[in-house]
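>>> A predicted structure for the sequence below; I have some questions about it.
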Amino acid sequence: MTTDPFALFKASQREAWAIFAPTAVFTTPCAAALIEFAEVRAGENVLDVGCGTGVVAITAAQAGARAKGLDLSPVLLADARRNAALINADIEFIEGDAEALPYPDASFDVVLSQFGHMFAPRPDIAIAEMLRVLKKGGRIAFSTWPPELMVGKLFALVASYLPPPPGAAAPPLWGDPAVIIHRLGDAVENIEFQRDEMRFATLSPRHYVATMELTIGPVAKLVSALADDPARLDQFRGELAKLVETYFARNIVRQSFLMTRATRV
Ligand SMILES: C[S@@+](CC[C@H](N)C(=O)[O-])C[C@H]1O[C@@H](n2cnc3c(N)ncnc32)[C@H](O)[C@@H]1O
């Protein structure tokens, strides 16, 4: 029997994120940015937490690293294995939870997460796990969505319609440098931040909303929760399209994100 109070929430996350694969087209360039920012080198042991279809782990392997990936979603892991096989990359992808990493202490030179660990409900537990499996002197690096920008506001809007379970932290707090510094605490030194931008191609804000409904787990969950309340669903769609308008031009939604890098002491 599980003692994890968020077991049910994670089971629903596992189902919800299964539809994410089409959006990996847009996380693929971001993966290259994170690998460069983390200065991943050939021969290093690298872990990709919340790996989805494997974009970060596979990019690390292409840089010569020995990569592993972990994710809640078996459906996305099957994609990750197929993606790795296309270039004969030997990467172990396993099903698991960022809050209970199934690796010994100090097993990696680099621990990475791209828009992944931020969705674990208990940030203190997820970060403790990521730091536990990282060697002293190793690097932790992750990409996250700031609360004050497009995607952070999108997740806040979704949460205002479908609140997370009590005690679950808001994912975009992982995009606030002050919060990150506090959460990493004195387990790390040399914290550095860098901004980058995902350019999400779409025909209009309404097309963007439709794409989110088809590929982003928490949005899809909300749409199915509002299936019997079409007026509220319309209201959500309208509010999201209005938010997107601010960031939409020339068939691109500009989604700025934050990269963080630090060294384990
Ligand atoms: C936005 S997707 C990012 C996937 C991939 N890193 C990328 O950049 O394409 C979020 C991923 O986090 C995973 N995830 C969410 N909560 C998780 C948890 N508690 N433990 C491990 N993975 C989790 C989801 O299954 C999903 O694959």
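That came through, no problem.
>>> what about the longest helix in this structure?
Taking DSSP state H as the criterion, the chain has its longest helix at helix 230-245.
>>> Nearest residue to the most centrally placed residue in the chain in space, please, no chain neighbours.
The residue lying closest to the centre of the chain (C-alpha atoms, centre = their mean) is Phe115, at 1.8 Å. Of all residues beyond its chain neighbours, the one nearest Phe115 is Ser143 (5.9 Å), with distances taken as C-beta to C-beta, 6 or more residues apart in numbering. In this view, the C-beta of every residue, glycine as well, is placed from N, C-alpha and C.
>>> Contacts only, for the one you found.
Cys30, Ala33, Leu34, Ser113, Gln114, Phe115, Asp196, Phe257, Leu258, Met259, Thr260 (C-beta atoms under 8 Å, 6 or more residues apart in numbering).
>>> now it, what's its secondary structure?
strand (DSSP: H, G, I helix; E, B strand; the rest coil).
>>> Which pLDDT value belongs to the residue of the chain at minimum distance from the ligand?
Of all residues in the chain, Gly52 sits closest to the ligand, at 2.6 Å by C-beta to the nearest ligand atom. On pLDDT, Gly52 comes in at 98.
>>> Assumed it was part of a helix.
No. Looking at Gly52 with three-state DSSP, it is coil, so not inside a helix.
>>> Could you report the neighbour count for it?
27 (other C-beta atoms under 10 Å).
>>> Also Ala18?
17.
>>> helix or strand for the spatially closest residue to it that is not a sequence neighbour, which one?
Closest residue in space to Ala18, ignoring its immediate chain neighbours: Val75 at 3.9 Å, by C-beta to C-beta, 6+ apart. If you go by DSSP states H and E, Val75 is part of helix 74-86.
>>> Could I get the full set of strands for the stretch 51-200 of the chain?
Applying DSSP state E, counting those that start in this stretch to the stretch 51-200 of the chain gives strands spanning 66-71, 92-95, 108-114, 134-144, 188-201.
>>> Please identify the deepest-packed of these.
Mean neighbour count (mean count of other C-beta atoms under 10 Å) peaks for strand 108-114 among the strands of the stretch 51-200 of the chain, with a mean of 27.
>>> Who are the packing partners of that strand?
The contact analysis (3 or more C-beta pairs under 8 Å, 6 or more residues apart in numbering; DSSP states H and E) places strand 108-114 against helix 24-37, strand 45-49, helix 55-62, helix 123-132, strand 134-144.
>>> average pLDDT across stretch 130-138?
98.
>>> On the strand side of things, show who the residue nearest to Phe115 bridges to.
When bridges are called by DSSP bridges, Ser143 pairs up with Gln114, Met259.
>>> what's the spacing between it and Thr260?
Counting by C-beta to C-beta, to the nearest Å, the separation of Ser143 from Thr260 is 8 Å.
>>> Asp228 too?
41 Å.
>>> thinking again about what came up before, in a markdown table: the helices and strands packed on strand 108-114, plus distance to Arg183.
Below are those laid out as a markdown table (distance: least, C-beta to C-beta, whole Å):
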| stretch | distance to Arg183 |
| --- | --- |
| helix 24-37 | 18 |
| strand 45-49 | 15 |
| helix 55-62 | 20 |
| helix 123-132 | 5 |
| strand 134-144 | 11 |
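>>> got TSV for those, with distance to the ligand too?
Formatted as TSV, these follow (distance: least, C-beta to the nearest ligand atom, whole Å):
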stretch	distance to the ligand
helix 24-37	3
strand 45-49	6
helix 55-62	5
helix 123-132	7
strand 134-144	8
